[in-house]
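Participant: Sequence below, structure please.
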Amino acid sequence: MIYLSLGTNLGAREENLARAIELLDGNGITVVRRSSIYETAPRDVFDQPWFLNMVLECHTDLFPMQLISRALRIEKTIGRDRGPTAVCRGPRLIDIDVLLYRSHVIATPRLTVPHPRMFERRFVLEPLLELTPALRDPRTKKPFAEFLAAVQDQNVKKLSA
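Facilitator: Okay, here's the model as predicted:
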């Protein structure tokens, strides 16, 4: 299995998530399960709208670099601007991150798996563990639940099941 994180804080946020799932599913990726939707306070760049976030459990025969290319193409289709004027970690129509790719550890300039910032983000860990409570970090074998316990102070609200 692979796990993808979706996030949006511009426009019709729920529609952005639904469109991303629609474009992912059947485009070389099969969405097996989806977490609840969580509303989360912005991090890093605080002067922006709140986000909707969720995690997808998926199956794919795509190789990791094909997967990230597909995710970036879908972001662009939805309207994500990654140009030079875009604010890093700022407002966006959609963000698709590869969290985990089976049990692989990947470190390239284009893709790092496990996602390097997922361990400090409750809005990723909580929906991920909703899907797979016993999941462990493929590098350290430490339960992701331990990482979640360390970020409970972050403002995250479960919206839907």
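
Participant: what is the mean pLDDT for stretch 107-125?
Facilitator: Across stretch 107-125, pLDDT averages out at 95.

Participant: mind checking the end-to-end distance for that stretch?
Facilitator: Start and end residues of stretch 107-125 are separated by 20 Å (C-alpha to C-alpha, to the nearest Å).

Participant: What are the buried residues along that stretch?
Facilitator: 111, 113-115, 118-119, 121-125 (16 or more other C-beta atoms under 10 Å). Using the backbone N, CA and C atoms, a C-beta is placed for each residue, glycine as well.

Participant: now swap in stretch 58-74 and tell me
Facilitator: Here stretch 58-74 shows 58, 60, 62, 64, 67-68, 70-71, 74 as buried, counting by 16+ other C-beta under 10 Å.

Participant: Name the nearest of those residues relative to Ala107.
Facilitator: Pro64 (11.0 Å; C-beta to C-beta).

Participant: show me the contacts for the closest one.
Facilitator: 98, 101, 104, 106, 111, 113 (C-beta atoms under 8 Å, 6 or more residues apart in numbering).

Participant: Need those residues in a markdown table (columns: secondary structure).
Facilitator: Formatted as a markdown table, the contacts of Pro64 follow (DSSP: H, G, I helix; E, B strand; the rest coil):
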| residue | secondary structure |
| --- | --- |
| Val98 | strand |
| Tyr101 | strand |
| His104 | coil |
| Ile106 | strand |
| Leu111 | coil |
| Val113 | strand |
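
Participant: so where do the strands sit in the chain?
Facilitator: Taking DSSP state E as the criterion, the chain carries its strands at 2-8, 29-34, 37-40, 51-60, 95-101, 106-107, 112-113, 156-160.

Participant: Just give me the lowest mean pLDDT stretch among those strands.
Facilitator: strand 156-160 (a mean of 89).

Participant: List of residues touching that one?
Facilitator: Against strand 156-160 from outside (C-beta under 8 Å, 6+ apart): 36-41, 52, 122-123, 126.

Participant: let's go with 7 Å and repeat that
Facilitator: 36-40, 122-123, 126 (C-beta atoms under 7 Å, 6 or more residues apart in numbering).

Participant: Equivalent analysis for stretch 96-110, please.
Facilitator: Contacts of stretch 96-110 (C-beta under 7 Å, 6+ apart): 1-6, 20, 55, 64-65, 67-68, 71, 74-75, 111-115, 118, 124, 128, 138-139.

Participant: which two of the buried residues of stretch 107-125 lie the greatest distance from each other?
Facilitator: Longest span within the buried residues of stretch 107-125, C-beta to C-beta: Leu111 and Arg122, 23.1 Å.
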